[in-house]
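>>> The amino acid sequence is not available; the structure is as follows:
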């Protein structure tokens with residue numbers, strides 16, 4: 001007879017995103033930062049991609 005094994009997966013709560021508040025003039029901006037735990041792209045690669053896309057749309 002084949003034994004059936006059950007494994008429990010540990011669930012962890014998602015980390016609370018960091019927030020940054022900046023006041024410019026009379027307006028206060030609040031920015032929430034969240035980083036994917038499963039992302040395969042480095043932050044520097046993402047910034048370069050965003051800059052390249054922004055520059056290519058300005059032409």
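Cool, got the structure. All values derive from a computational prediction rather than experimental measurement.

>>> any idea how far stretch 33-48 is from the chain center?
6 Å (C-alpha atoms, centre = their mean, to the nearest Å).

>>> what does it contact?
With contact meaning C-beta atoms under 8 Å, 6 or more residues apart in numbering, stretch 33-48 is reached by 17-20, 49. Yep, even glycine has a C-beta here, placed from its N, CA and C like the rest.

>>> Quick check on residue 41: phi, psi?
Main-chain dihedrals, residue 41, degrees, to the nearest 10: phi -100, psi 130.

>>> What about the contacts of stretch 33-48, which are in helices?
Secondary structure from DSSP state H places residue 49 of the contacts of stretch 33-48 in helices.

>>> Can you name the two of the contacts of stretch 33-48 that sit furthest apart?
Largest separation among the contacts of stretch 33-48 by C-beta to C-beta: 19 and 49, giving 24.6 Å.

>>> what about residue 22, helix or strand, and which?
Element membership for residue 22 (DSSP states H and E) is strand 18-24.

>>> Now, of the contacts of stretch 33-48, which are buried?
Not one of those meets the buried threshold, by 16 or more other C-beta atoms under 10 Å.
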